[in-house]
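Q: Predicted model and sequence below, questions to follow.
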Amino acid sequence: MAIPCDVTDFAALSTAIARAEADFGPVSVLINNAGVIGAIARIATADPAEWASAVDINLTGVFHGMRAVLPGMIASGAGTIITVGSGAAHNPLEAWSAYCSSKAGAYMLTRAAHLEAGPAGVRVLSLSPGTVATDMQAAIKASGINPVSQLDWSVHIPAEWPAKALLWMCGPGGDAFLGNEVSLRDDNIRRSIGLIA
């Protein structure tokens, strides 16, 4: 069931989750995947409203998702929350200040949620997929700014890889990474998931 929802609107997100729970029962897995690169601009020339919008989606949206499902997960002593992160959370990139800052915040929020809800039995972790062959990479390439825009399209992984990784993380494979990050740039992780030989 697809339910349109703005993750920056907590009431709208809560309503969407309530609709899903009415049909399928309590949420057992939440994947915080909504994210944008936002305006690619240097800090000195960035539009403040566009900058704030990217942070609102990439960080506040993650909080809203967690806030909506954590009470039920804590009460039941079970559940998995995965935030789709980025290597940009750990390394600054020119003209990506909103993206890098918001992804760094989302990673810390994931760690905080693990600290608070992990003892109750809730599994909280992050996926850093690397560069994925999506429309976002097309926008990055068109900008011509920073080394990521110079990457050849062939180096981006297919979208199926993060999808398989997320499923693997929902099972025991993800247990070693609770409160931390799974990086699809790691060949050992790729092998564990079955993406490469």
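A: Here it is on my side, so go on.
Q: Can you get me a residue count around Thr80?
A: Per other CB atoms under 10 Å, the neighbour tally for Thr80 reads 21. C-beta: built from backbone N, CA, C; applies to glycine.
Q: I'd assumed Gly121 was in contact with it.
A: No. Contact criterion CB atoms under 8 Å: Thr80 and Gly121 do not qualify, at 10.3 Å.
Q: tell me the contacts of Phe17?
A: Check again: residue 17 is Ile, not Phe. Counting by CB atoms under 8 Å, 6 or more residues apart in numbering, Ile17 touches Val27, Ala68, Val69.
Q: That one and Gly65, how far apart?
A: 8 Å (CB to CB, to the nearest Å).
Q: which residues in this structure form strands?
A: For the chain, the strands defined by DSSP state E cover 29-32, 80-84, 123-128, 181-183.
Q: now these as JSON lines including distance to Asp135 and mean pLDDT?
A: Output for the strands of the chain, formatted as JSON lines (distance: least, CB to CB, whole Å; pLDDT from 0 to 100):
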{"stretch": "strand 29-32", "distance to Asp135": "19", "mean pLDDT": "98"}
{"stretch": "strand 80-84", "distance to Asp135": "15", "mean pLDDT": "98"}
{"stretch": "strand 123-128", "distance to Asp135": "19", "mean pLDDT": "98"}
{"stretch": "strand 181-183", "distance to Asp135": "23", "mean pLDDT": "97"}
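Q: Of these, which is nearest Ala138?
A: With CB to CB as the measure, strand 80-84 is the member of the strands of the chain nearest Ala138 (18.3 Å).
Q: what sits up against the closest one?
A: Residues outside strand 80-84 that contact it (CB under 8 Å, 6+ apart): 28-33, 35, 62, 65-66, 69-70, 73, 106-107, 109-110, 113, 117, 122-127, 129, 162, 166, 169-170, 174.
Q: about what we covered before: got a markdown table for the strands of the chain, with distance to Gln137 too?
A: Shown next, in a markdown table, are the strands of the chain (distance: least, CB to CB, whole Å):
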| stretch | distance to Gln137 |
| --- | --- |
| strand 29-32 | 20 |
| strand 80-84 | 15 |
| strand 123-128 | 15 |
| strand 181-183 | 18 |
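Q: Looking at these, which is nearest to Ala44?
A: Of the strands of the chain, nearest to Ala44 by CB to CB is strand 123-128, at 28.3 Å.
Q: buried sites along stretch 62-75?
A: Within stretch 62-75, the residues scored as buried using 16 or more other CB atoms under 10 Å are Val62, Phe63, His64, Gly65, Met66, Ala68, Val69, Leu70, Gly72, Met73, Ile74.
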